[in-house]
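Novice: pasting the sequence and the predicted model now:
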2 protein chains.
Amino acid sequence: MGSTQDESLSTFKILVATDNHLGVWEKNPERGNDSFETFEEVLAIAVEQDVDFILLEGDLFHENKPSRQCVLRCMELLKKCTHGDKSVQFDFLSDAAENFKHIKNPVVNYMDPNLNIGVPIFSIHGNHDDPSGLGQHCALELLSSSGLINYFGKTSDLKDINIMPLLLEKGETKFAIFGLSSIKDERLFRLFKEGKVKMLRPKEYEDKWFNLMVLHQNHNKQCGMINHIPESFLDNFLDLVVWDHEHECILQAQVPHESAPDSFHVIQPGSSVATSLCAGKAVPKQVALLEVFKRKFSITPVDLKTVRPFVFAMVSLSDHDLDDATSIMENSPVENFVEEKVRDMIKESETQITGHSKQPKKPLIRLRVEFSNEAQMFNVVRFGHKFAEVVANPEDMILFKKEKKEVKKDELGI
Amino acid sequence: MGSTQDESLSTFKILVATDNHLGVWEKNPERGNDSFETFEEVLAIAVEQDVDFILLEGDLFHENKPSRQCVLRCMELLKKCTHGDKSVQFDFLSDAAENFKHIKNPVVNYMDPNLNIGVPIFSIHGNHDDPSGLGQHCALELLSSSGLINYFGKTSDLKDINIMPLLLEKGETKFAIFGLSSIKDERLFRLFKEGKVKMLRPKEYEDKWFNLMVLHQNHNKQCGMINHIPESFLDNFLDLVVWDHEHECILQAQVPHESAPDSFHVIQPGSSVATSLCAGKAVPKQVALLEVFKRKFSITPVDLKTVRPFVFAMVSLSDHDLDDATSIMENSPVENFVEEKVRDMIKESETQITGHSKQPKKPLIRLRVEFSNEAQMFNVVRFGHKFAEVVANPEDMILFKKEKKEVKKDELGI
Ligand SMILES: [Mn+2]
Ligand SMILES: [Mn+2]
Ligand SMILES: [Mn+2]
Ligand SMILES: [Mn+2]
């Protein structure tokens, strides 16, 4: 895409990222900077790739009321990367007073005559940084009030949702972005069922628009039937859905239900930091470069190189022939076995070292140890001391889980 | 001042205001807007008077952790009034990296190439909005990070204070502002005593500078000998001291100690909102227009017209011949007497109506009733119901205080 000059002048180039969870582990001396380092990297990629704008899909902040330091660090990064002389090459066609009606001064920041914005950011809110408290404001408004971001998709009427898209134009490409900031899944599920979620498509040139939807909701049916949003709820006129909230990074654009092959594609950029230590968060972290020319799009994943190495593994003690006996002076055979496993994982984590100067080197290690006999457990905090200098989370590397009964039955041949 | 054209081009015109206490009574449906209305008026005066800059002396926020709504309303007002095309007519000569060293991007906002600032604001912090929490940041930094204000006078080393002035120049006038943000009085008293507070005067043109000091500390000896800062601690090279924290408005520039008639003058703009209902807060509220030409200055008070009327009075029941007896059906003679007094005060409050469309009309009323006999007391909340429609604080208009024993002794002729 963007191969001929004409096409290039009409191609939107967008950095799509999400779930930066700024401030997660903020008070942890080892891990406190992780979210900020990677957010800075994300912004730097946008500048380096010379994108038209950045699209964020919520959970920019980990805490609903982020610490003052967290908000300040975010503001400083945003100011550094988004202010500047680069001229913005697309037009804003929709009515800012509608798109940003929750803001006192509803104007898209790059059109504000008193600000010099080189890289505009558009963002919806997530469930972590949703509106709360007096006046129902969210932390993103601290950023949009001073023009650091363009916060959109805030629902003012929780009984009747009208999604007014951002309408952007660059040369021959018309780009509509339908943003829906996070709402309780159950409520949104019901509103969809009742036909109370309306997408206000532009009437003019209806077939010319590239239609993108951005939302931050449960996607996976396993969250519960009425606690997720089925893809079938979304309108088929959409071309692409950026669906976030779940943290695993899935950037190969997926066609959804087989029954409707002409329907929209879905991507899930996932989080830029490991907020908890489970398998899905150990998937390599990327952001997406989305290019749109007329109604065609392409996605190029860009690896994030400042993400702390993270290795997750599971082991079931009953698969191994280990003696439970232990003397007071020695480690148990189980502990020795686990220690060896952990050392292997640390070794494995080295393959995730990228060479980026700001990547933290000490890995996150999480080994899930399934046991059948409580005598096999040992003190994981004391165990962690041996790794204090080489691992970022020595105190909670090991998670003991009792093996499920079913497994036992199976083993017994019942 | 500013009478000849030359003189006018060299005259700094500054709006001096303080203690706006944004967010005070925020949750009170009647009074919640008061602090914002008056802050907006203060900013509007600055614009209307075409000042060079605004100087604030702390307690911009009432709460150390102001609500999100409060910060947002403040940001919106600042953006509206300080952004704009008016060109700033004075030069910033000092090293911003020193003056604003607590900021990541230390630059005076009107020199930031990415912001269009018409009316710069310089502010120190007060005791209400002082640094706290992770990283010791204060709420003003949420404003300075995005360039809405220039926050200065933050002390990084609480054992050794070096006050690096802002050095400003307009035509022939050289203006040095020594800012000292609020510190615990006891600590600052000791540091002054130990000679650990240094004023870093510019060496060049030493005698040409108009030297202003801005501080936010107890001024009154009655706060306790080591809990206030005596004027004698301050350097005599100063021309003017803007001394805030105490809320009474005192704008007739006062020469301090008679022993040093050539010393500095002091003004105390005081708060722009009544944060508590005592006599000092019932003094009419003003801001100061300070004009400085070379080493001469003049001060013009400007009345604030959006301030809610407030009448304070005291009455001692023993000065009046009132029967304590009461029946269940009727008000007591004391209650009738107090009610009449309150009605007089409400009448008196009407003289404070300014005609400003945004001035709230329902007055604050505080009557301090000194009693000698507890039977004279009545239920002040029930009493307030009669005034619910005409007074802003019906529930706490009346403050009963037991007359001091001394008074009684005196009455008894002992
Ligand atoms: Mn998230
Ligand atoms: Mn989420
Ligand atoms: Mn105050
Ligand atoms: Mn104060």
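Specialist: Structure received. Numbering: from 1, shown residues only, chains lettered A, B, ... in the order given. Ligands and ions are numbered 1, 2, ... in the order given.

Novice: make it CA atoms for all contacts and neighbour counts henceforth
Specialist: OK.

Novice: where in chain A is pLDDT low?
Specialist: Counting by pLDDT under 70, the ranges of chain A that qualify are A:1-3, A:253-261, A:323-330, A:405-414.

Novice: helices and strands around the lengthiest helix in it, which ones?
Specialist: The residue-count maximum for a helix in chain A (DSSP state H) belongs to helix A:333-349. Where contact means 3 or more C-alpha pairs under 8 Å, 6 or more residues apart in numbering or on different chains; DSSP states H and E, helix A:333-349 is packed against strand A:310-316, strand A:364-371.

Novice: check the offset of that helix from the chain's centre.
Specialist: 30 Å (C-alpha atoms, centre = their mean, to the nearest Å).

Novice: just the CA atoms of that helix, as CSV, please.
Specialist: The C-alpha coordinates for helix A:333-349 follow below in CSV (Å, rounded to 0.1, in the frame of the first residue of the first chain):
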residue,chain,number,x,y,z
PRO,A,333,13.8,-33.2,45.9
VAL,A,334,10.8,-31.2,44.8
GLU,A,335,12.5,-27.9,45.6
ASN,A,336,15.6,-29.0,43.7
PHE,A,337,13.5,-30.0,40.8
VAL,A,338,11.7,-26.7,40.7
GLU,A,339,14.9,-24.8,41.1
GLU,A,340,16.3,-26.5,38.1
LYS,A,341,13.2,-25.8,36.1
VAL,A,342,13.4,-22.1,37.1
ARG,A,343,17.0,-21.9,36.0
ASP,A,344,16.0,-23.3,32.6
MET,A,345,13.3,-20.6,32.4
ILE,A,346,15.7,-17.8,33.2
LYS,A,347,18.0,-19.2,30.5
GLU,A,348,15.0,-19.2,28.1
SER,A,349,14.2,-15.6,29.0
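
Novice: now the stretch 301-414 of chain A against ligand 2: closest residue?
Specialist: Proximity of the stretch 301-414 of chain A to ligand 2 (C-alpha to the ion) peaks at residue A:307, 18.9 Å away.

Novice: you'd agree that residue is up against residue A:359?
Specialist: Yes - look at residue A:307 against residue A:359 with C-alpha atoms under 8 Å: they come within range, at 6.1 Å.

Novice: pick out whichever of these two has more residues nearby.
Specialist: Higher neighbour count among residue A:307 and residue A:359: residue A:307, with 28 against 18, using other C-alpha atoms under 10 Å in any protein chain shown.

Novice: tell me where the stretch 1-150 of chain A has helices.
Specialist: Ranges of helices in the stretch 1-150 of chain A, per DSSP state H, counting those that start in this stretch, are A:5-9, A:34-48, A:68-82, A:96-99, A:140-144.

Novice: most neighbours per residue, which of those?
Specialist: For the helices of the stretch 1-150 of chain A, the largest average neighbour count (mean count of other C-alpha atoms under 10 Å in any protein chain shown) is found in helix A:140-144, namely a mean of 24.

Novice: after that helix, next one along is what?
Specialist: Once the chain leaves helix A:140-144, the next helix or strand it forms, by DSSP states H and E, is strand A:150-151.

Novice: that following strand pairs with which strands, parallel or anti?
Specialist: With DSSP bridges as the test, strand A:150-151 is paired with strand A:121-123 (parallel).

Novice: and the strand it pairs with, how far out from the chain's middle?
Specialist: Averaging C-alpha coordinates over strand A:121-123 and over its chain gives two centres that are 14 Å apart (C-alpha atoms, centre = their mean).

Novice: same question for stretch A:69-78.
Specialist: Distance, centroid of stretch A:69-78 to centroid of chain: 18 Å (C-alpha atoms, centre = their mean).

Novice: what parts of the stretch 201-350 of chain A come near ligand 1?
Specialist: residue A:245 (C-alpha under 5 Å from the ion).

Novice: now the stretch 201-350 of chain A against ligand 2: closest residue?
Specialist: For the stretch 201-350 of chain A, the residue closest to ligand 2 is residue A:245, as judged by C-alpha to the ion, at 3.7 Å.

Novice: the residue in the stretch 51-200 of chain A that ligand 1 sits nearest to and residue B:391: what is the separation?
Specialist: Nearest residue of the stretch 51-200 of chain A to ligand 1, counting by C-alpha to the ion: residue A:59, 5.0 Å away. Separation of residue A:59 from residue B:391 (C-alpha to C-alpha, to the nearest Å) stands at 45 Å.

Novice: same question for residue A:383.
Specialist: 67 Å.

Novice: same check, this time on residue A:196
Specialist: Between residue A:196 and residue B:391 the computed distance is 44 Å (C-alpha to C-alpha).

Novice: again with residue A:105
Specialist: For residue A:105 relative to residue B:391 (C-alpha to C-alpha), the value is 34 Å.

Novice: and residue A:191, which of the three is it?
Specialist: helix (DSSP: H, G, I helix; E, B strand; the rest coil).

Novice: count of neighbours near it?
Specialist: By the criterion of other C-alpha under 10 Å, residue A:191 has 17 neighbours.

Novice: cool, residue A:311 as well?
Specialist: Per other C-alpha under 10 Å, the neighbour tally for residue A:311 reads 24.

Novice: what residues are up against it?
Specialist: By C-alpha atoms under 8 Å, 6 or more residues apart in numbering or on different chains, the contact set of residue A:311 is A:282, A:345, A:346, A:348, A:349, A:363, A:364, A:365, A:366.

Novice: quick check: the gap between the nearest residue to residue A:64 once chain neighbours are set aside and residue A:215.
Specialist: Nearest residue to residue A:64, sequence neighbours excluded (C-alpha to C-alpha, 6 or more residues apart in numbering or on different chains): residue A:129, at 4.6 Å. To residue A:215, residue A:129 is 14 Å away according to C-alpha to C-alpha.

Novice: where does the stretch 251-400 of chain A get nearest to ligand 3, which residue?
Specialist: Closest residue of the stretch 251-400 of chain A to ligand 3, C-alpha to the ion: residue A:275 (40.7 Å).

Novice: surely that residue and residue A:24 touch.
Specialist: Yes - between residue A:275 and residue A:24 there is a contact at 6.6 Å, judged by C-alpha under 8 Å.

Novice: what about the two, which has more around it?
Specialist: Neighbours per residue (other C-alpha under 10 Å) separate residue A:275 from residue A:24, with residue A:24 holding more: 23 against 16.
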